[in-house]
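Undergrad: what's the 3D shape of this:
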Amino acid sequence: MIYSHLSGIWCRTVISCIRNCVLFCLLFMSQGINAQEELNVISTTENGWLDFTDASNSLYHYLTAQAVELLDKRKERIARISSLAGWQERQQQVKKTLLDIVGPFPEKTPLNTKIVRAIKKDGYRMEHVIFESRPGFFVTSTLFLPVIPGRKKAPAIIYCSGHTLEGYRSKVYLHAILNLVKKGFIVMAFDPVGQGERIEYLDPQTGNPTMGGTTNEHSYAGAQAFIIGSSYSRYMIWDGIRAVDYLLSRKEVDPGRIGITGRSGGGTQSALIAAFDERIHAAAPECYITGFARLLQSIGPQDAEQNLYHEISSGIDHADLLEVRAPKPALVITTTRDFFSIQGARETAAEVESIYQAYGKAGDFGMVEDDAPHESTKLNREAMYAFFQRHLENPGSPLDQEADIPSPEELRVTPTGQIASSLKGETVFTINRQEAMKCLSELNSKRKDFNGSVDKILNSARKLSGYRDPGVPEEPVFTGRIRKTGYAIEKYFIEGESGYVIPFLLAIPDKPNNKGIILLNPSGKTEEFREESETEWFVSEGFTVLVPDLIGTGEIGPGDFKGDSYIKGYSLNMWFSSVLIGRSIVGIQAGDVVSLAHYIVNQRNIKEVYGLANGETAPVLLHAAAFDPVISRIALFEPYSSYRCIVMSRTYNPGYIRSTVPGALLEYDLPDLSASLAPRKLLIVGLKDGSGNRAEPDSIKEDLAVIRDGYHLRDADDRLNIVPEASPEKRRDYYKKWIE
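TA: Have a look, this model is predicted:
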């Protein structure tokens with residue numbers, strides 16, 4: 001009884017403690033949420049603005065609106081074409097544009113082909129082939145050869161596989177491949193880079209991919225390629241062109257009867273390769289073709305292989321990939337419930353039909369659709385078989401048949417099942433790094449006459465970043481005030497570059513010194529108003545502090561869109577939108593920072609404006625300050641050192657990509673912007689490398705030399721302070737020196 005009584009007391013005590021802890025946690029969380037909401041400008045519970053209920057998606061909507069505007073202009077140009085001569089002129093323009101934005105391709109080098117083994121099957125033979133599309137860049141493939149006694153030459157089809165780790169060994173793809181073989185076609189299937197036996201990011205201990213899905217693999221290396229003005233698709237297209245070279249070397253292949261097809265990512269590849277290689281007579285991309293306007297209005301831009309550098313701003317849409325090769329036969333294969341908009345596919349097909357009609361070859365272009373999601377269907381496969389049977393002159397039954405799929409062992413090409421462990425060789429990263437070194441070598445030559453070239457470098461930075469001069473800022477909208485000890489926080493929003501708003505907080509000291517600081521944080525404005533924050537310290541020194549949510553952050557970000565390349569919490573797909581339209585997120589944000597700086601000068605009686613940026617917002621502040629002298633002093637805390645360090649790092653921090661500029665290393669880098677600030681006071685504390693780690697001196701000495709040389713040439717060495725690292729408590733010591 002005594003034991004039972006004590007047990008009951010103990011249980012009630014424990015339950016009471018748990019209940020109190022839960023209540024305390026809920027109260028603490030509620031206070032934290034309320035404190036954060038108190039600092040919201042447009043999305044508070046009490047007085048939120050209904051007009052901005054979708055403000056978190058502002059960046060996506062703004063980038064898409066610019067893309068659609070560009071696409072509408074392209075549509076107007078197409079509508080003015082009224083003759084075959086007009087279409088032919090358009091074809092030549094598109095051909096040149098495609099080469100400009102994808103090329104230059106490397107010179108053709110020996111394929112060094114090796115048939116590693118051959119396997120006889122019922123009615124056909126498999127030859128496993130490895131070739132080098134460029135020196136040391138190995139491509140795994142299989143040639144499926146139907147056994148037809150007495151036949152000398154046969155039509156050949158290149159089959160491109162979609163996004164699957166197995167590459168063309170997926171049962172879905174093999175079913176279509178083997179049906180083509182049964183119908184007498186030679187089929188060459190090769191692994192796209194980053195798939196099948198060409199995975200480039202492998203755990204050396206387990207042999208498993210470290211990037212997750214293949215779209216991540218494509219986009220991770222693809223982002224680095226975009227920074228030097230290249231693209232991931234360039235590698236895939238070149239592999240396809242060299243696959244055609246290999247086919248033409250085979251005595252069994254009729255060079256006049258070559259086709260290409262593939263589904264999903266394979267549809268992307270087949271459309272791109274056919275657009276660049278005139279030796280391909282017939283093309284049938286499946287479950288890919290739509291139109292950029294519908295794509296961006298629906299699921300958004302996809303992984304890096306599906307985006308060409310400055311594609312939309314150069315006037316290119318999906319239709320151009322088909323029109324550039326007219327009147328060669330083409331079939332667009334679709335499904336009505338595909339995530340690639342069927343409406344976009346229909347609109348594209350309607351446009352493409354016009355050029356085939358102008359050529360008098362309307363029957364050589366077609367579109368087939370089945371009522372299905374993003375998948376292979378019997379109806380579509382049979383339409384594809386019939387298309388190639390007709391246009392590659394290989395008549396027979398188009399009926400889909402059952403196929404015995406070879407075993408995984410029979411389908412393995414390399415000894416280990418991966419190029420990375422069997423042959424090592426080059427990767428997209430290593431080749432892109434070599435090309436980046438050439439860009440940097442040319443950039444270093446320009447830097448030798450820094451004073452003479454700085455204006456040209458800045459003009460290039462303006463153009464490549466897509467920066468637009470914001471002009472005179474409008475009067476902001478006031479939404480509330482919060483009194484604090486010694487200062488007040490005022491809440492405002494102001495129009496951004498166009499069509500969106502920038503919420504910001506203005507901390508106004510009771511005893512102002514008529515100086516202002518724009519403070520940037522990658523997590524948004526509320527991070528700068530926590531207890532013992534930088535903001536409060538500067539306010540105590542008399543500074544008026546403006547802390548904004550830049551588009552894509554805080555109340556106006558990051559938005560709902562993640563895309564198919566969401567890596568470690570960061571959407572690379574959002575950045576791809578800016579790549580397509582010839583702009584950059586950092587360039588847009590820099591324009592807004594300049595606008596805010598002019599606002600506090602013109603409307604708040606501030607005599608001098610400083611800028612302080614944390615982490616990934618450092619490139620934003622650098623661009624803003626380099627383009628407009630209104631920001632007189634700059635401080636960067638824990639920035640990464642350069643775009644160079646990202647491109648040179650095999651395992652870079654994907655969180656940095658949003659603040660990079662596509663094509664930047666063709667003309668400039670962040671250290672050039674820093675150097676251009678001389679003789680303005682510049683403080684840099686805690687530089688990081690491309691992986692987000694504390695930078696070792698040797699890894700960034702090239703970046704530091706550019707900055708120091710720039711300040712030295714302008715006799716401003718004493719205005720530059722670069723500190724390797726600083727503890728939080730020491731940061732204020734550097735602030736004091738910076739504001740002196």
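
Undergrad: where does the stretch 101-250 of the chain have low pLDDT?
TA: Applying pLDDT under 70 to the stretch 101-250 of the chain flags no residue at all.

Undergrad: which elements pack onto the helix or strand hosting Gln357?
TA: Remark: Gln357 resides in helix 342-358, with elements defined by DSSP states H and E. Judged by 3 or more Cβ pairs under 8 Å, 6 or more residues apart in numbering; DSSP states H and E, helix 342-358 is in contact with helix 84-102, helix 292-297, helix 318-323, strand 330-335, strand 365-370. Backbone N, C-alpha and C define where each C-beta goes, glycine included.

Undergrad: 10 Å instead, please
TA: When contacts are defined as 3 or more Cβ pairs under 10 Å, 6 or more residues apart in numbering; DSSP states H and E, helix 342-358 packs onto helix 58-79, helix 84-102, helix 292-297, helix 318-323, strand 330-335, strand 365-370.

Undergrad: pick out the residue nearest the middle of the chain.
TA: In the chain, the centroid-proximal residue (Cα atoms, centre = their mean) is Phe576; its distance is 3.5 Å.

Undergrad: list the buried ones in the helix holding Gln357?
TA: Going by neighbour count (16 or more other Cβ atoms under 10 Å), the buried part of helix 342-358 is 342, 344-349, 351-352, 354-356, 358.

Undergrad: tell me the confidence at the residue lying closest to Gly554 once chain neighbours are set aside?
TA: Excluding the flanking residues, the one nearest Gly554 by Cβ to Cβ, 6 or more residues apart in numbering is Gly524, at 2.8 Å. In this model, Gly524 is scored at 94, pLDDT.

Undergrad: cool, and Arg19?
TA: Reported pLDDT for Arg19: 46.

Undergrad: again, but for the one 5 residues further on
TA: The pLDDT attached to Phe24 in the predicted structure is 39.

Undergrad: and the helices in the stretch 501-650 of the chain, which stretches?
TA: Using DSSP state H, counting those that start in this stretch, the helices of the stretch 501-650 of the chain run over 534-540, 572-580, 585-603, 618-627, 643-647.

Undergrad: can you report how many residues lie near the closest residue to Tyr173 other than its chain neighbours?
TA: Using Cβ to Cβ, 6+ apart and skipping residues adjacent in sequence, the residue nearest Tyr173 is Ser161, 5.0 Å away. Residues lying near Ser161 (other Cβ atoms under 10 Å) number 27.

Undergrad: residues contacting Ser161?
TA: Residues in contact with Ser161 (Cβ atoms under 10 Å, 6 or more residues apart in numbering) are 167-170, 172-174, 177, 189-192, 195-196, 214, 262-266, 269.

Undergrad: ok, now Arg198?
TA: By Cβ under 10 Å, 6+ apart, the contact set of Arg198 is 137-140, 167, 190-192, 217, 239, 413-414, 418-420, 425, 427-428.

Undergrad: distance check, it against Phe429.
TA: Between Arg198 and Phe429 the computed distance is 13 Å (Cβ to Cβ, to the nearest Å).

Undergrad: also Lys251?
TA: 37 Å.

Undergrad: equivalent analysis for Tyr711, please.
TA: The value you get for Tyr711 to Phe429, if Cβ to Cβ is used, is 33 Å.

Undergrad: with Glu76 instead?
TA: 40 Å.

Undergrad: shouldn't Gln205 be within a helix?
TA: No. Gln205 is assigned coil when assessed by DSSP: H, G, I helix; E, B strand; the rest coil, not a helix.

Undergrad: can you get me a residue count around it?
TA: The number of residues packed near Gln205 is 6, by other Cβ under 10 Å.
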